[in-house]
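> pasting a predicted model and its sequence here:
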Amino acid sequence: MGDVLLALSIPVLVFGGGIYAACDCWWRRRHPAPPSPYTHRAARLAEQDMLLLAEEIVDDAYAALGPLYDAPAASSAPGPAGPPTGLSPRSPRPSSPASTRDRAPSPPAAVQKP
């Protein structure tokens with residue numbers, strides 16, 4: 001009789017474990033845990049650290065490369081006074097009457113016979 005109870009206890013335990021897992025899954029779907037405030041706080045702190053690091057990188061780059069972007073001296077730059085020497089000013093091309101200024105599609109071209 002002891003062997004029969006031992007042999008039957010294994011399927012009963014497996015079946016009971018399956019029922020427990022199904023009920024636990026059902027319960028967790030119906031009652032989800034609220035989000036942890038510590039994860040949101042950690043995300044905010046990481047975001048602040050990244051922003052501070054990015055600001056530091058931009059400030060260092062501007063300090064190193066800022067003089068390159070400053071306005072050059074008026075004597076070395078052509079500026080709005082005129083084009084550089086050696087270049088002649090070009091007049092803008094006249095627009096053709098078929099061109100349009102809007103972004104609408106152009107009408108299809110006429111078919112050409114060979």
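Yep, that arrived. Residues are numbered from 1 along each chain as shown.

> what about the protein, any weak spots by pLDDT?
Per-residue confidence for the chain (pLDDT under 70) gives these ranges: 71-102.

> try 90 this time
For the chain, the stretches flagged by pLDDT under 90 are 1-8, 32-44, 65-114.

> longest helix anywhere in it?
Among all segments of the chain classified by DSSP state H, the helix with the greatest residue count is helix 37-69.

> ok, now which ones touch residue 16?
For residue 16, the set of contacting residues under the criterion of CB atoms under 8 Å, 6 or more residues apart in numbering is empty. Yep, even glycine has a C-beta here, placed from its N, CA and C like the rest.

> and the helix or strand hosting it, how far from the chain's centre?
Following DSSP states H and E, the helix or strand that holds residue 16 is helix 2-30. Averaged C-alpha coordinates place helix 2-30 at 47 Å from its chain's average position (CA atoms, centre = their mean, to the nearest Å).

> now it: buried residues?
Residues of helix 2-30 include none that count as buried (16 or more other CB atoms under 10 Å).

> quick one: buried residues of the longest helix of the chain?
For helix 37-69, a neighbour-count test (16+ other CB under 10 Å) marks nothing as buried.

> okay, residue 67 and residue 5: tell me how far apart.
Between residue 67 and residue 5 the distance, using CB to CB, to the nearest Å, works out to 90 Å.
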